[in-house]
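Colleague: Based on what follows, work out the 3D shape:
(2 chains)
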Amino acid sequence: MIIVGEKINTSRAGIGAAVENRDATLITQTAREQAQAGADYIDVNAGTFPDDETKHLCWLVETVQAELDVTLCLDSPNPEALSEALKRHKGVPMINSISLEEDRFNAILPIVASQPCEVVALCMGRASMPTTVEERVEVGRELVNKLLEAGISVERIYVDPLIQPVSVDVQMGLGALGAIREIMSEFPGVKTICGLSNVSFGLPERRLINRSFLSLAMSYGLSAAIMDPTDNRLMGTLLAIEMLLGRDEYCEKFIEAYQDGRIVNA
Amino acid sequence: MRSEGIERDSSSKGDLIMSEFESLTQAVIKGDIQTALAETRKCVDAGTRVQDILDKGLIAAMDEVGRNFSSGRIFVPQMLRSAKTMQECMIIIKPLFQEGDITTKGKVVIGTVKGDLHDIGKNLVSMMLEGAGFDITDLGVDVPPDKFVKKVQEVGADVVGLSALLSITMPGMPATIEALKASGVRDKVKVVIGGAPVTEKYANEINADSYAPDAASAVVEVKRLLGIS
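Modeller: Prediction:
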(Lines give C-alpha, C1' and ligand atoms only; values in the text may rest on other atoms or scores of the structure.)
Protein backbone atom coordinates (compact mmCIF):
# COMPACT_ATOMS: atom_id res chain seq x y z
CA MET A 1 0.00 0.00 0.00
CA ILE A 2 1.32 3.38 -0.99
CA ILE A 3 0.66 6.12 1.55
CA VAL A 4 0.42 9.81 0.69
CA GLY A 5 0.53 11.95 3.85
CA GLU A 6 -2.18 14.60 3.60
CA LYS A 7 -1.39 16.95 6.46
CA ILE A 8 0.41 19.79 4.64
CA ASN A 9 -2.71 21.41 3.28
CA THR A 10 -3.39 25.11 3.75
CA SER A 11 -7.06 24.45 4.37
CA ARG A 12 -5.93 23.12 7.77
CA ALA A 13 -5.80 25.96 10.26
CA GLY A 14 -2.18 25.75 11.47
CA ILE A 15 -0.76 25.02 8.02
CA GLY A 16 -2.37 28.00 6.27
CA ALA A 17 -0.87 30.38 8.80
CA ALA A 18 2.52 28.61 8.73
CA VAL A 19 2.70 28.99 4.95
CA GLU A 20 1.77 32.67 5.06
CA ASN A 21 4.29 33.35 7.83
CA ARG A 22 6.98 31.19 6.22
CA ASP A 23 7.20 29.04 9.33
CA ALA A 24 9.57 26.40 7.94
CA THR A 25 9.92 24.65 11.28
CA LEU A 26 6.25 23.68 11.54
CA ILE A 27 6.12 22.60 7.91
CA THR A 28 9.19 20.38 8.08
CA GLN A 29 8.02 18.98 11.39
CA THR A 30 4.65 18.08 9.79
CA ALA A 31 6.48 16.43 6.89
CA ARG A 32 8.88 14.57 9.16
CA GLU A 33 6.22 13.10 11.45
CA GLN A 34 4.33 11.77 8.43
CA ALA A 35 7.44 10.29 6.84
CA GLN A 36 8.34 8.61 10.13
CA ALA A 37 4.81 7.24 10.42
CA GLY A 38 5.18 5.53 7.05
CA ALA A 39 4.19 8.04 4.34
CA ASP A 40 5.74 7.25 0.95
CA TYR A 41 4.83 10.68 -0.41
CA ILE A 42 4.18 13.95 1.40
CA ASP A 43 1.29 15.86 -0.12
CA VAL A 44 1.67 19.64 -0.41
CA ASN A 45 -1.43 21.73 -1.13
CA ALA A 46 -1.73 25.54 -1.03
CA GLY A 47 -5.18 25.63 -2.60
CA THR A 48 -6.69 28.20 -0.26
CA PHE A 49 -4.45 30.90 -1.76
CA PRO A 50 -5.79 31.37 -5.29
CA ASP A 51 -3.58 34.40 -5.92
CA ASP A 52 -0.37 33.11 -4.34
CA GLU A 53 -0.74 29.39 -4.85
CA THR A 54 2.25 29.04 -7.19
CA LYS A 55 4.56 30.96 -4.88
CA HIS A 56 3.38 29.09 -1.80
CA LEU A 57 3.53 25.65 -3.41
CA CYS A 58 7.10 26.30 -4.59
CA TRP A 59 8.06 27.44 -1.12
CA LEU A 60 6.58 24.25 0.34
CA VAL A 61 8.55 22.06 -2.07
CA GLU A 62 11.83 23.84 -1.39
CA THR A 63 11.28 24.03 2.35
CA VAL A 64 10.41 20.36 2.86
CA GLN A 65 13.10 19.00 0.54
CA ALA A 66 15.79 21.26 2.01
CA GLU A 67 15.41 19.45 5.32
CA LEU A 68 14.20 15.98 4.41
CA ASP A 69 14.90 13.35 1.81
CA VAL A 70 11.26 12.79 0.87
CA THR A 71 9.23 12.64 -2.32
CA LEU A 72 6.28 14.98 -2.61
CA CYS A 73 2.82 14.82 -4.05
CA LEU A 74 2.19 18.18 -5.75
CA ASP A 75 -1.50 18.70 -5.11
CA SER A 76 -3.18 21.36 -7.21
CA PRO A 77 -5.54 21.77 -10.15
CA ASN A 78 -3.51 24.82 -11.20
CA PRO A 79 -1.19 24.17 -14.20
CA GLU A 80 1.11 27.08 -13.39
CA ALA A 81 1.53 26.04 -9.76
CA LEU A 82 2.19 22.42 -10.78
CA SER A 83 4.66 23.36 -13.48
CA GLU A 84 6.70 25.67 -11.24
CA ALA A 85 6.62 23.31 -8.27
CA LEU A 86 7.70 20.42 -10.50
CA LYS A 87 10.77 22.35 -11.67
CA ARG A 88 11.87 22.76 -8.05
CA HIS A 89 11.18 19.19 -6.96
CA LYS A 90 14.07 16.75 -6.53
CA GLY A 91 13.28 13.20 -7.65
CA VAL A 92 10.11 11.80 -9.20
CA PRO A 93 7.06 13.50 -7.66
CA MET A 94 3.42 12.57 -7.80
CA ILE A 95 1.20 15.10 -9.58
CA ASN A 96 -2.34 15.35 -8.20
CA SER A 97 -4.15 15.71 -10.54
CA ILE A 98 -5.11 15.68 -14.18
CA SER A 99 -8.78 15.35 -15.23
CA LEU A 100 -10.86 15.45 -18.37
CA GLU A 101 -12.20 19.00 -18.19
CA GLU A 102 -10.89 20.41 -21.46
CA ASP A 103 -8.86 23.34 -20.05
CA ARG A 104 -7.30 21.28 -17.31
CA PHE A 105 -6.38 18.28 -19.38
CA ASN A 106 -4.72 20.24 -22.16
CA ALA A 107 -2.83 22.45 -19.72
CA ILE A 108 -1.62 19.69 -17.40
CA LEU A 109 -0.75 16.98 -19.94
CA PRO A 110 2.42 18.70 -21.23
CA ILE A 111 3.53 19.22 -17.63
CA VAL A 112 3.22 15.57 -16.63
CA ALA A 113 4.81 14.51 -19.92
CA SER A 114 7.72 16.95 -19.58
CA GLN A 115 9.63 14.93 -17.02
CA PRO A 116 9.20 11.66 -15.13
CA CYS A 117 6.39 11.78 -12.61
CA GLU A 118 3.60 9.72 -11.13
CA VAL A 119 0.25 11.14 -12.12
CA VAL A 120 -3.14 11.03 -10.45
CA ALA A 121 -5.97 10.79 -12.98
CA LEU A 122 -9.10 12.12 -11.32
CA CYS A 123 -12.39 10.70 -12.60
CA MET A 124 -14.12 14.06 -12.86
CA GLY A 125 -16.39 14.13 -15.91
CA ARG A 126 -16.36 16.76 -18.62
CA ALA A 127 -19.58 18.40 -17.55
CA SER A 128 -20.59 16.76 -14.29
CA MET A 129 -19.41 14.55 -11.46
CA PRO A 130 -19.81 10.83 -12.17
CA THR A 131 -21.84 8.94 -9.61
CA THR A 132 -22.24 5.34 -10.80
CA VAL A 133 -19.54 2.71 -11.29
CA GLU A 134 -20.07 2.86 -15.06
CA GLU A 135 -19.71 6.65 -15.25
CA ARG A 136 -16.53 6.58 -13.20
CA VAL A 137 -15.01 3.73 -15.21
CA GLU A 138 -15.86 5.47 -18.47
CA VAL A 139 -14.06 8.65 -17.39
CA GLY A 140 -11.16 6.66 -15.90
CA ARG A 141 -10.75 4.61 -19.08
CA GLU A 142 -10.61 7.70 -21.27
CA LEU A 143 -8.06 9.34 -18.99
CA VAL A 144 -5.81 6.26 -18.82
CA ASN A 145 -5.92 5.82 -22.59
CA LYS A 146 -5.04 9.45 -23.18
CA LEU A 147 -2.14 9.30 -20.71
CA LEU A 148 -0.86 6.07 -22.29
CA GLU A 149 -1.03 7.72 -25.71
CA ALA A 150 1.05 10.59 -24.34
CA GLY A 151 3.75 8.08 -23.44
CA ILE A 152 3.18 7.82 -19.71
CA SER A 153 3.70 4.27 -18.52
CA VAL A 154 0.76 2.48 -16.96
CA GLU A 155 2.57 1.93 -13.64
CA ARG A 156 2.83 5.68 -13.17
CA ILE A 157 -0.89 6.30 -13.52
CA TYR A 158 -3.01 6.45 -10.35
CA VAL A 159 -6.72 6.55 -11.10
CA ASP A 160 -8.76 8.37 -8.45
CA PRO A 161 -12.38 7.16 -8.73
CA LEU A 162 -13.61 10.42 -7.15
CA ILE A 163 -14.87 9.76 -3.66
CA GLN A 164 -18.18 11.43 -2.84
CA PRO A 165 -20.07 11.57 0.43
CA VAL A 166 -22.41 8.73 1.34
CA SER A 167 -24.34 11.31 3.38
CA VAL A 168 -25.92 12.68 0.20
CA ASP A 169 -26.30 9.35 -1.59
CA VAL A 170 -25.76 6.01 0.09
CA GLN A 171 -24.69 4.42 -3.20
CA MET A 172 -21.57 6.64 -3.41
CA GLY A 173 -19.43 4.17 -1.47
CA LEU A 174 -20.20 1.29 -3.82
CA GLY A 175 -19.85 3.57 -6.83
CA ALA A 176 -16.23 4.27 -5.95
CA LEU A 177 -15.42 0.72 -4.79
CA GLY A 178 -16.80 -0.87 -7.95
CA ALA A 179 -14.82 1.57 -10.07
CA ILE A 180 -11.59 0.66 -8.26
CA ARG A 181 -12.14 -3.03 -9.02
CA GLU A 182 -13.03 -2.50 -12.68
CA ILE A 183 -10.22 -0.10 -13.48
CA MET A 184 -7.64 -2.38 -11.83
CA SER A 185 -8.82 -5.33 -13.88
CA GLU A 186 -9.13 -3.44 -17.17
CA PHE A 187 -5.62 -1.95 -17.08
CA PRO A 188 -3.13 -4.43 -15.57
CA GLY A 189 -0.39 -2.51 -13.80
CA VAL A 190 -2.39 0.67 -13.32
CA LYS A 191 -2.76 1.99 -9.78
CA THR A 192 -5.76 3.40 -7.97
CA ILE A 193 -5.72 6.08 -5.31
CA CYS A 194 -8.20 8.02 -3.24
CA GLY A 195 -8.59 10.37 -0.34
CA LEU A 196 -10.56 8.94 2.55
CA SER A 197 -12.25 11.91 4.13
CA ASN A 198 -14.75 12.92 1.42
CA VAL A 199 -16.70 9.73 1.95
CA SER A 200 -17.65 10.75 5.50
CA PHE A 201 -18.60 14.38 4.86
CA GLY A 202 -21.74 15.36 6.76
CA LEU A 203 -21.62 12.45 9.21
CA PRO A 204 -20.48 11.92 12.80
CA GLU A 205 -17.53 9.70 13.77
CA ARG A 206 -15.79 10.43 10.52
CA ARG A 207 -12.57 8.63 11.40
CA LEU A 208 -14.45 5.40 11.95
CA ILE A 209 -16.11 5.76 8.56
CA ASN A 210 -12.83 6.69 6.88
CA ARG A 211 -10.91 3.70 8.16
CA SER A 212 -13.79 1.34 7.41
CA PHE A 213 -13.85 2.68 3.89
CA LEU A 214 -10.08 2.19 3.63
CA SER A 215 -10.51 -1.49 4.53
CA LEU A 216 -13.17 -1.96 1.89
CA ALA A 217 -11.25 -0.04 -0.76
CA MET A 218 -8.15 -2.14 -0.10
CA SER A 219 -10.16 -5.30 -0.52
CA TYR A 220 -11.43 -3.96 -3.86
CA GLY A 221 -7.81 -3.46 -4.94
CA LEU A 222 -6.91 0.12 -3.99
CA SER A 223 -3.17 0.75 -4.43
CA ALA A 224 -2.66 4.04 -2.62
CA ALA A 225 -4.41 6.30 -0.14
CA ILE A 226 -4.14 10.00 0.63
CA MET A 227 -4.46 9.94 4.42
CA ASP A 228 -3.09 10.92 7.80
CA PRO A 229 -0.40 8.33 8.59
CA THR A 230 -0.02 9.73 12.11
CA ASP A 231 -3.53 8.54 12.95
CA ASN A 232 -2.49 5.28 14.64
CA ARG A 233 -5.94 3.71 14.46
CA LEU A 234 -6.04 4.33 10.72
CA MET A 235 -2.51 2.97 10.28
CA GLY A 236 -3.35 0.01 12.49
CA THR A 237 -6.32 -0.74 10.25
CA LEU A 238 -4.17 -0.42 7.15
CA LEU A 239 -1.50 -2.77 8.50
CA ALA A 240 -4.08 -5.31 9.65
CA ILE A 241 -5.81 -5.29 6.25
CA GLU A 242 -2.50 -5.63 4.37
CA MET A 243 -1.77 -8.66 6.51
CA LEU A 244 -5.25 -10.14 6.08
CA LEU A 245 -5.01 -9.70 2.31
CA GLY A 246 -1.79 -11.72 2.31
CA ARG A 247 0.56 -8.85 1.53
CA ASP A 248 2.59 -8.91 4.73
CA GLU A 249 4.84 -11.92 4.72
CA TYR A 250 5.24 -13.57 8.13
CA CYS A 251 3.01 -10.71 9.38
CA GLU A 252 6.27 -8.85 9.76
CA LYS A 253 5.12 -5.26 9.31
CA PHE A 254 2.14 -5.69 11.56
CA ILE A 255 4.17 -7.25 14.36
CA GLU A 256 6.93 -4.70 13.94
CA ALA A 257 4.46 -1.83 14.26
CA TYR A 258 3.08 -3.45 17.40
CA GLN A 259 6.52 -4.00 18.91
CA ASP A 260 7.47 -0.39 18.15
CA GLY A 261 4.38 0.72 20.05
CA ARG A 262 2.88 2.33 16.93
CA ILE A 263 -0.43 0.46 16.88
CA VAL A 264 -1.04 -0.39 20.51
CA ASN A 265 -4.76 -0.05 21.29
CA ALA A 266 -5.44 0.79 17.67
CA MET B 1 -24.26 10.72 27.52
CA ARG B 2 -25.25 11.08 23.91
CA SER B 3 -28.63 9.41 24.28
CA GLU B 4 -29.48 11.72 27.19
CA GLY B 5 -28.71 14.65 24.94
CA ILE B 6 -31.07 13.41 22.26
CA GLU B 7 -33.89 12.91 24.76
CA ARG B 8 -33.46 16.41 26.08
CA ASP B 9 -33.40 17.77 22.54
CA SER B 10 -36.62 16.11 21.51
CA SER B 11 -38.45 17.45 24.54
CA SER B 12 -37.18 20.97 23.87
CA LYS B 13 -38.45 20.67 20.29
CA GLY B 14 -41.89 20.04 21.76
CA ASP B 15 -41.61 23.16 23.91
CA LEU B 16 -40.58 25.34 21.00
CA ILE B 17 -43.31 24.41 18.60
CA MET B 18 -46.76 24.33 20.13
CA SER B 19 -49.24 24.99 17.40
CA GLU B 20 -51.91 23.38 15.28
CA PHE B 21 -49.03 22.44 13.00
CA GLU B 22 -47.26 20.43 15.67
CA SER B 23 -47.76 17.05 13.97
CA LEU B 24 -46.81 18.38 10.54
CA THR B 25 -43.76 20.12 11.92
CA GLN B 26 -42.61 17.05 13.80
CA ALA B 27 -43.09 14.87 10.70
CA VAL B 28 -40.94 17.21 8.60
CA ILE B 29 -38.26 17.34 11.30
CA LYS B 30 -38.21 13.54 11.37
CA GLY B 31 -38.31 13.32 7.59
CA ASP B 32 -41.40 11.10 7.76
CA ILE B 33 -42.83 11.74 4.30
CA GLN B 34 -46.04 9.72 4.65
CA THR B 35 -47.09 11.38 7.89
CA ALA B 36 -46.09 14.83 6.62
CA LEU B 37 -48.16 14.38 3.47
CA ALA B 38 -51.15 13.17 5.47
CA GLU B 39 -50.85 16.09 7.89
CA THR B 40 -50.55 18.57 5.03
CA ARG B 41 -53.71 17.17 3.43
CA LYS B 42 -55.47 17.32 6.78
CA CYS B 43 -54.60 21.03 7.12
CA VAL B 44 -55.74 21.73 3.58
CA ASP B 45 -59.02 19.87 4.10
CA ALA B 46 -59.64 21.79 7.32
CA GLY B 47 -59.44 24.99 5.30
CA THR B 48 -56.23 26.27 6.88
CA ARG B 49 -54.62 29.21 5.05
CA VAL B 50 -52.02 27.79 2.70
CA GLN B 51 -49.55 30.51 3.61
CA ASP B 52 -49.84 29.40 7.25
CA ILE B 53 -49.22 25.76 6.36
CA LEU B 54 -46.09 26.94 4.58
CA ASP B 55 -44.83 29.44 7.18
CA LYS B 56 -45.96 27.93 10.47
CA GLY B 57 -45.75 24.29 9.46
CA LEU B 58 -43.10 23.60 6.85
CA ILE B 59 -40.74 26.55 7.17
CA ALA B 60 -40.92 26.46 10.96
CA ALA B 61 -39.88 22.81 10.79
CA MET B 62 -36.98 23.55 8.47
CA ASP B 63 -35.84 26.39 10.74
CA GLU B 64 -35.63 23.88 13.54
CA VAL B 65 -33.79 21.44 11.26
CA GLY B 66 -31.28 24.18 10.40
CA ARG B 67 -30.71 24.96 14.07
CA ASN B 68 -30.28 21.28 14.91
CA PHE B 69 -27.78 20.92 12.07
CA SER B 70 -25.80 23.99 13.12
CA SER B 71 -25.52 22.77 16.68
CA GLY B 72 -24.34 19.33 15.54
CA ARG B 73 -27.39 17.46 16.83
CA ILE B 74 -28.33 16.17 13.38
CA PHE B 75 -26.34 15.37 10.24
CA VAL B 76 -26.50 15.85 6.48
CA PRO B 77 -28.67 12.80 5.65
CA GLN B 78 -31.25 13.89 8.22
CA MET B 79 -31.24 17.43 6.86
CA LEU B 80 -31.69 16.11 3.32
CA ARG B 81 -34.50 13.86 4.41
CA SER B 82 -36.36 16.76 6.02
CA ALA B 83 -35.82 18.95 2.97
CA LYS B 84 -37.11 16.17 0.73
CA THR B 85 -40.16 15.79 2.97
CA MET B 86 -40.88 19.49 2.74
CA GLN B 87 -40.53 19.42 -1.05
CA GLU B 88 -43.10 16.62 -1.24
CA CYS B 89 -45.52 18.63 0.90
CA MET B 90 -44.97 21.67 -1.33
CA ILE B 91 -46.26 19.66 -4.28
CA ILE B 92 -49.62 19.50 -2.50
CA ILE B 93 -49.89 23.14 -1.46
CA LYS B 94 -48.20 24.97 -4.32
CA PRO B 95 -51.18 24.69 -6.72
CA LEU B 96 -53.41 26.14 -3.99
CA PHE B 97 -51.65 29.49 -4.04
CA GLN B 98 -53.14 32.06 -6.36
CA GLU B 99 -50.70 33.16 -9.06
CA GLY B 100 -48.19 35.54 -7.53
CA ASP B 101 -49.81 35.10 -4.14
CA ILE B 102 -47.11 33.05 -2.47
CA THR B 103 -44.98 35.17 -0.18
CA THR B 104 -41.34 34.29 -0.41
CA LYS B 105 -38.65 35.63 1.88
CA GLY B 106 -36.58 36.71 -1.12
CA LYS B 107 -35.15 35.60 -4.43
CA VAL B 108 -31.83 33.80 -4.56
CA VAL B 109 -29.85 32.93 -7.67
CA ILE B 110 -27.28 30.25 -6.93
CA GLY B 111 -24.65 28.29 -8.86
CA THR B 112 -21.14 26.83 -8.95
CA VAL B 113 -18.79 29.19 -10.77
CA LYS B 114 -17.27 28.70 -14.20
CA GLY B 115 -14.89 25.78 -14.68
CA ASP B 116 -16.08 24.05 -11.52
CA LEU B 117 -18.33 20.97 -11.58
CA HIS B 118 -18.73 20.38 -7.84
CA ASP B 119 -22.36 20.51 -6.88
CA ILE B 120 -22.88 18.78 -3.54
CA GLY B 121 -22.35 21.79 -1.28
CA LYS B 122 -24.26 24.08 -3.60
CA ASN B 123 -27.20 21.66 -3.68
CA LEU B 124 -27.32 21.48 0.11
CA VAL B 125 -27.35 25.28 0.37
CA SER B 126 -30.04 25.48 -2.30
CA MET B 127 -32.22 23.00 -0.48
CA MET B 128 -31.90 24.67 2.89
CA LEU B 129 -32.65 28.11 1.46
CA GLU B 130 -35.71 26.69 -0.23
CA GLY B 131 -36.71 25.15 3.06
CA ALA B 132 -36.35 28.52 4.73
CA GLY B 133 -38.87 30.02 2.32
CA PHE B 134 -36.64 31.59 -0.31
CA ASP B 135 -37.36 31.43 -4.01
CA ILE B 136 -34.36 29.66 -5.53
CA THR B 137 -33.06 29.73 -9.07
CA ASP B 138 -30.31 27.11 -9.27
CA LEU B 139 -28.13 27.62 -12.34
CA GLY B 140 -26.23 24.38 -11.76
CA VAL B 141 -22.46 24.02 -12.24
CA ASP B 142 -19.86 25.67 -14.48
CA VAL B 143 -21.80 28.94 -14.57
CA PRO B 144 -20.06 31.86 -16.32
CA PRO B 145 -20.38 35.39 -14.83
CA ASP B 146 -22.69 36.70 -17.56
CA LYS B 147 -25.14 33.88 -16.94
CA PHE B 148 -25.37 34.89 -13.28
CA VAL B 149 -25.90 38.53 -14.28
CA LYS B 150 -28.58 37.68 -16.81
CA LYS B 151 -30.52 35.56 -14.35
CA VAL B 152 -30.18 38.16 -11.56
CA GLN B 153 -31.66 40.78 -13.88
CA GLU B 154 -34.34 38.45 -15.18
CA VAL B 155 -35.72 37.37 -11.79
CA GLY B 156 -34.84 40.51 -9.84
CA ALA B 157 -32.74 38.56 -7.35
CA ASP B 158 -32.04 39.78 -3.84
CA VAL B 159 -29.11 37.45 -3.27
CA VAL B 160 -26.54 35.66 -5.40
CA GLY B 161 -24.90 32.52 -3.98
CA LEU B 162 -21.55 31.50 -5.51
CA SER B 163 -19.87 28.16 -4.87
CA ALA B 164 -16.33 27.02 -5.76
CA LEU B 165 -14.37 23.96 -4.66
CA LEU B 166 -11.05 24.59 -6.40
CA SER B 167 -8.32 27.20 -6.09
CA ILE B 168 -8.33 27.65 -9.88
CA THR B 169 -12.07 28.29 -10.07
CA MET B 170 -12.30 30.66 -7.10
CA PRO B 171 -11.43 33.66 -9.34
CA GLY B 172 -14.85 33.02 -10.93
CA MET B 173 -16.25 34.64 -7.79
CA PRO B 174 -14.62 38.07 -8.13
CA ALA B 175 -15.23 37.82 -11.88
CA THR B 176 -18.95 37.40 -11.23
CA ILE B 177 -18.95 40.28 -8.75
CA GLU B 178 -17.21 42.46 -11.36
CA ALA B 179 -19.76 41.44 -13.98
CA LEU B 180 -22.59 42.38 -11.62
CA LYS B 181 -20.91 45.74 -11.11
CA ALA B 182 -20.40 46.30 -14.82
CA SER B 183 -24.08 45.63 -15.44
CA GLY B 184 -25.12 48.06 -12.75
CA VAL B 185 -26.83 45.49 -10.52
CA ARG B 186 -24.17 44.97 -7.87
CA ASP B 187 -25.88 47.34 -5.43
CA LYS B 188 -29.20 45.57 -5.88
CA VAL B 189 -27.98 42.16 -4.73
CA LYS B 190 -26.08 40.66 -1.84
CA VAL B 191 -23.36 38.18 -2.72
CA VAL B 192 -22.75 35.16 -0.47
CA ILE B 193 -19.89 32.77 -1.23
CA GLY B 194 -18.86 29.32 -0.01
CA GLY B 195 -16.93 26.14 -0.81
CA ALA B 196 -14.12 24.12 0.78
CA PRO B 197 -11.15 26.43 -0.07
CA VAL B 198 -13.20 29.62 0.43
CA THR B 199 -12.62 31.63 3.58
CA GLU B 200 -14.11 34.67 5.27
CA LYS B 201 -10.89 36.51 4.48
CA TYR B 202 -11.33 35.75 0.78
CA ALA B 203 -14.91 37.03 0.92
CA ASN B 204 -13.58 40.33 2.30
CA GLU B 205 -10.83 40.52 -0.30
CA ILE B 206 -13.20 40.17 -3.23
CA ASN B 207 -15.90 42.38 -1.67
CA ALA B 208 -18.50 39.67 -1.35
CA ASP B 209 -21.14 40.52 1.25
CA SER B 210 -20.78 37.33 3.19
CA TYR B 211 -19.15 33.92 3.55
CA ALA B 212 -21.08 30.84 4.66
CA PRO B 213 -19.17 27.71 5.76
CA ASP B 214 -22.15 25.35 5.45
CA ALA B 215 -25.77 25.06 4.36
CA ALA B 216 -27.36 26.07 7.65
CA SER B 217 -25.14 29.12 8.04
CA ALA B 218 -25.95 30.09 4.46
CA VAL B 219 -29.57 30.45 5.56
CA VAL B 220 -28.53 32.50 8.58
CA GLU B 221 -26.32 34.75 6.44
CA VAL B 222 -28.92 35.31 3.73
CA LYS B 223 -31.52 36.22 6.38
CA ARG B 224 -29.08 38.56 8.06
CA LEU B 225 -28.19 40.29 4.80
CA LEU B 226 -31.87 40.80 3.95
CA GLY B 227 -32.78 41.89 7.47
CA ILE B 228 -35.08 38.93 8.11
CA SER B 229 -35.21 37.71 11.68
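Colleague: And whatever residue of chain B ends up closest to chain A, how far from A:Pro204?
Modeller: Nearest residue of chain B to chain A, counting by Cβ to the nearest Cβ: B:Val76, 2.7 Å away. Heads up, the C-betas are built off the backbone N, CA and C, glycines and all. Distance from B:Val76 to A:Pro204, counting by Cβ to Cβ, to the nearest Å: 10 Å.
Colleague: ok, now A:Arg104?
Modeller: As for A:Arg104, its distance to A:Pro204 is 34 Å (criterion: Cβ to Cβ).
Colleague: Tell me the buried residues in stretch A:211-222?
Modeller: A:211-218, A:220-222 (16 or more other Cβ atoms under 10 Å in any protein chain shown).
Colleague: Give the full set of residues in contact with the residue of chain B closest to chain A.
Modeller: Contacts were defined as Cβ atoms under 8 Å, 6 or more residues apart in numbering or on different chains; by that measure B:Val76 touches A:165, A:167-168, A:201-203, B:69, B:124.
Colleague: before we move on, back to that, what's the farthest-apart pair in the buried residues of stretch A:211-222?
Modeller: Largest separation among the buried residues of stretch A:211-222 by Cβ to Cβ: A:Arg211 and A:Gly221, giving 17.6 Å.
Colleague: got the phi/psi numbers for A:Ile263?
Modeller: A:Ile263 adopts backbone torsions of phi -130, psi 20, taken as degrees, to the nearest 10.
Colleague: Number of residues surrounding it?
Modeller: A:Ile263 sits with 20 neighbouring residues when counted by other Cβ atoms under 10 Å in any protein chain shown.
Colleague: Return the per-residue confidence for it.
Modeller: You'll see A:Ile263 listed with a pLDDT of 89.
Colleague: List the residues that contact it.
Modeller: The neighbourhood of A:Ile263, defined by Cβ under 8 Å, 6+ apart, consists of A:232, A:235-236, A:239, A:254, A:257.
Colleague: Check A:Glu138 too.
Modeller: Applying Cβ under 8 Å, 6+ apart, one finds that A:Glu138 lies in contact with A:Pro130.
Colleague: tell me which element it is part of?
Modeller: Per DSSP states H and E, A:Glu138 falls inside helix A:133-149.
Colleague: isn't A:Gln171 right up against A:Thr131?
Modeller: Yes. Using Cβ atoms under 8 Å, A:Gln171 is in contact with A:Thr131, at 7.4 Å.
Colleague: where along the stretch 151-266 of chain A do the strands fall?
Modeller: In the stretch 151-266 of chain A, the segments counted as strands under DSSP state E, counting those that start in this stretch are A:157-160, A:191-195, A:224-227.
Colleague: Can you list the helices and strands that the second one packs against?
Modeller: Taking 3 or more Cβ pairs under 8 Å, 6 or more residues apart in numbering or on different chains; DSSP states H and E as contact, the helices and strands that strand A:191-195 lies on are strand A:2-9, strand A:157-160, helix A:172-186, strand A:224-227.
Colleague: mind giving me CSV with those and columns for distance to A:Arg22, mean pLDDT and mean neighbour count?
Modeller: Formatted as CSV, the entries for these read as follows, by distance: least, Cβ to Cβ, whole Å; pLDDT from 0 to 100; neighbours: other Cβ atoms under 10 Å in any protein chain shown:
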stretch, distance to A:Arg22, mean pLDDT, mean neighbour count
strand A:2-9, 14, 98, 23
strand A:157-160, 31, 98, 27
helix A:172-186, 37, 98, 20
strand A:224-227, 25, 98, 24
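Colleague: Make a markdown table from these and add distance to chain B to it.
Modeller: A markdown table is the format used below for these (distance: least, Cβ to the nearest Cβ, whole Å):
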| stretch | distance to chain B |
| --- | --- |
| strand A:2-9 | 10 |
| strand A:157-160 | 14 |
| helix A:172-186 | 10 |
| strand A:224-227 | 15 |
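Colleague: and of these, who's closest to A:Glu135?
Modeller: Distance to A:Glu135, taken as Cβ to Cβ, is lowest for helix A:172-186 among these, at 8.0 Å.
Colleague: Please enumerate residues in contact with the closest one?
Modeller: Defining contact as Cβ under 8 Å, 6+ apart, one finds that helix A:172-186 is touched by A:123, A:130-133, A:136-137, A:140-141, A:144, A:159, A:161-166, A:190, A:192, A:194, A:199, A:213, A:216-217, A:220-223.
Colleague: Buried members of those residues into ChimeraX, please.
Modeller: The ChimeraX selection below is limited to those of those classed as buried (16+ other Cβ under 10 Å):
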select /A:123,130,131,133,136,137,140,141,144,159,161,162,163,164,165,166,190,192,194,199,213,216,217,220,221,222,223
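Colleague: Return the residues of chain B in contact with chain A.
Modeller: Proximity of chain B to chain A, by Cβ under 8 Å from any Cβ of the partner chain, involves residues B:75-77, B:80, B:115, B:117-120, B:123-124, B:141-142, B:166-168, B:170-171, B:196-197, B:199, B:202.
Colleague: So which of these belong to strands?
Modeller: Where these are compared with strands, as defined by DSSP state E, there is no overlap at all.
Colleague: Quick check: ChimeraX command selecting the buried ones in those.
Modeller: Only the buried members of these end up in this ChimeraX selection, burial being decided by 16+ other Cβ under 10 Å:
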select /B:76,77,80,115,117,118,119,120,123,124,141,142,166,167,168,170,171,196,197,199,202
